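A.B. asks: can't give you the sequence, but here's the structure:
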C-alpha cells in the first residue's frame, strides 16, 4: 500500500512510527552556499549528494558547496580570490 505524504510533519510522523529519522535538505539550503545557482542546478547538487552519500561524512554545508563546485565550478566571487 502506498501512502501520500503531504507535509514535512507527515514525513517525520511516518518515520517516527518506524523508529527512523531523516534530515531533509532542500533547494534553499543549496542556495545558502551557492546563491548563483538556479533551481535546476540546486536540484542537481542535491541529487548528486544523495547518489554519492558518504555515511562517514554525512551531508553538511561544506559537502553541498564542494559538490556544487565540482558540478558547476567555483562560485563567481571565489574565482576572484
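C.D. replies: Sure, I can see it. Everything numeric in this text was worked out from a predicted model, so none of it was measured.
A.B. asks: and residue 39, how close does it get to residue 12?
C.D. replies: Per CB to CB, to the nearest Å, residue 39 is found 24 Å from residue 12. All C-beta spots, glycine's among them, are computed from the backbone N, C-alpha and C.
A.B. asks: more neighbours, those two?
C.D. replies: More crowded of residue 39 and residue 12, by other CB atoms under 10 Å: residue 12, with 15 against 11.
A.B. asks: which ones are touching the spatially closest residue to the more buried one that is not a sequence neighbour?
C.D. replies: Distances taken as CB to CB, 6 or more residues apart in numbering put residue 22 closest to residue 12, at 7.6 Å, once the chain neighbours are dropped. Contacts here follow CB atoms under 8 Å, 6 or more residues apart in numbering; on that basis residue 22 touches 11-12, 15.
A.B. asks: which of those lies closest to residue 46?
C.D. replies: Comparing these against residue 46 with CB to CB picks out residue 11 as the nearest, at 15.7 Å.
A.B. asks: what strand or helix carries the closest one?
C.D. replies: Per DSSP states H and E: residue 11 is located in helix 8-17.
A.B. asks: ok, now residue 49?
C.D. replies: Judged by DSSP H and E, residue 49 forms part of helix 39-51.
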